[in-house]
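>>> Just to be clear, the model below is a prediction. Sequence and coordinates:
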Amino acid sequence: MAEVYGTARPRKRWGRRLLITFLVLLLIILGALVVADRVGASYAERVIGDRVAQQLTDQQATAEQPDVTIEGVPFLTQVLDGRYQEIKIRLNDFTGPAGNGRTIKMNPLDIRATDVSAPLDTVRSGNGDIVAGTVTGVGTLGYANLAELTGQAGLKLSERDGKLVGTAPLQALGQTWNVSGSANLEVKDSVVKVTFADVTAAGLPNIPLVRTLVDNYVKQLAFDLKVPALPLGLKVQKVEPRPDGLFVTTGASDVSLSSGGL
């Protein structure tokens, strides 16, 4: 019995050492996979960022270097599957030409691409197409910038009770009066149409002649905001007045993320 007992303990020690060795090797392998996963994701993020930056240059727009994040872990699994959950692109200090020497500014412009199809062969060779099923973008257009884009001297814009409110000076009866009113917003073909209603002018006599003068002035305040070309073919879908500016929602479908599309 003593002999059997004596050979059992070394076997147990050997088994424990083998298990520990296996666990250490497993952790090393997992660590290497994690590193490879993050390295691959970082490379892809840089490539996408460079392509977006190039498109901004082509559109005569500017922004800081795009901050790209590929969501979903593990990244390599998505590569093998050829489909990516979500790609986030953040453009800080975005500016774009709006015509007549004016620029439109949104800081930041946040873009999200979902349901991205990128076959492994396309990723390896660089040939073929990478397509995002849906791309959305949101940004805030400051009221000072928005007023500048209208070309209306003295126009000031702000938000009140969820509505866009405009105030502008009106010359009448030898005096200057502050005319104010709420704006109606309509988005059509990526153009934001702004018209004013419920216009009042404190202290201005409510007589037909003056009323006609005010009505004609209000028509002059109406303007169309043509949003410049945005990255990834984004088009304006909705605008919403908020305290810090006009919140702009954009979108596009079946967008190419390949070098030709960017």
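Ah, there it is. Numbering: from 1, shown residues only.

>>> Would you map the strands across this structure?
67-71, 83-91, 94-99, 102-106, 109-117, 131-141, 156-160, 163-172, 175-188, 191-201, 223-226, 235-242, 245-256 (DSSP state E).

>>> May I have the strands that pair with the last one, each with its orientation?
Just to be clear, that refers to strand 245-256. Here strand 245-256 has these sheet partners by DSSP bridges: strand 131-141 (antiparallel), strand 235-242 (antiparallel).

>>> List the contacts of the longest one.
Judged by C-beta atoms under 8 Å, 6 or more residues apart in numbering, the contacts made with strand 131-141 from elsewhere in the structure are 87, 94, 104-117, 230-234, 242, 244-257. All C-beta spots, glycine's among them, are computed from the backbone N, C-alpha and C.

>>> Next: the last one.
Strand 235-242 has contacts (C-beta under 8 Å, 6+ apart) with 140, 159, 162-164, 185, 187, 190-192, 227, 246-252.

>>> sorry, back to before: restrict the contacts of strand 131-141 to the buried ones and give me that as a PyMOL selection.
Buried members of those can be picked out in PyMOL with the line below, counting by 16 or more other C-beta atoms under 10 Å:
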select buried, resi 87+94+104+105+106+107+108+109+110+111+112+113+116+117+230+231+232+233+234+245+246+247+248+250+251+252+255+257
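
>>> Please look at Ala222 and Thr195 and confirm they touch.
Yes - contact criterion C-beta atoms under 8 Å: Ala222 and Thr195 qualify, at 4.5 Å.

>>> dump the residue contacts of Leu185.
By C-beta under 8 Å, 6+ apart, the contact set of Leu185 is 164, 192-194, 239, 241.

>>> Stretch 88-103 spans what distance, first to last residue?
End-to-end distance for stretch 88-103, by C-alpha to C-alpha, to the nearest Å: 25 Å.

>>> And it, what's buried?
Buried-residue list, stretch 88-103, by 16+ other C-beta under 10 Å: 89-91, 94-96, 98, 103.

>>> thinking again about what came up before, turn the strands paired with strand 245-256 into TSV, columns for distance to Gly154 and mean pLDDT.
Below are those laid out as TSV (distance: least, C-beta to C-beta, whole Å; pLDDT from 0 to 100):
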stretch	distance to Gly154	mean pLDDT
strand 131-141	19	91
strand 235-242	20	93
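
>>> how about these in TSV, adding distance to Ala63?
Output for the strands paired with strand 245-256, formatted as TSV (distance: least, C-beta to C-beta, whole Å):
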stretch	distance to Ala63
strand 131-141	11
strand 235-242	18
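
>>> Of these, flag the one that's most buried.
strand 131-141 (a mean of 20; mean count of other C-beta atoms under 10 Å).

>>> quick one: Ala252 and Ser190 touch, right?
No - using C-beta under 8 Å, Ala252 is not in contact with Ser190; the gap is 10.4 Å.

>>> got the CA positions of stretch 231-243 in CSV?
What follows is stretch 231-243 as a C-alpha-only set of coordinates in CSV (Å, rounded to 0.1, in the frame of the first residue of the first chain):
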residue,chain,number,x,y,z
PRO,A,231,-19.9,62.9,-46.5
LEU,A,232,-21.3,59.6,-47.6
GLY,A,233,-24.1,61.1,-49.6
LEU,A,234,-26.0,62.2,-46.5
LYS,A,235,-29.2,64.3,-47.1
VAL,A,236,-31.1,66.5,-44.6
GLN,A,237,-34.2,64.7,-43.4
LYS,A,238,-35.3,66.7,-40.4
VAL,A,239,-34.5,69.9,-38.5
GLU,A,240,-35.4,70.7,-34.9
PRO,A,241,-34.9,74.0,-33.0
ARG,A,242,-33.0,73.5,-29.8
PRO,A,243,-31.5,76.0,-27.3
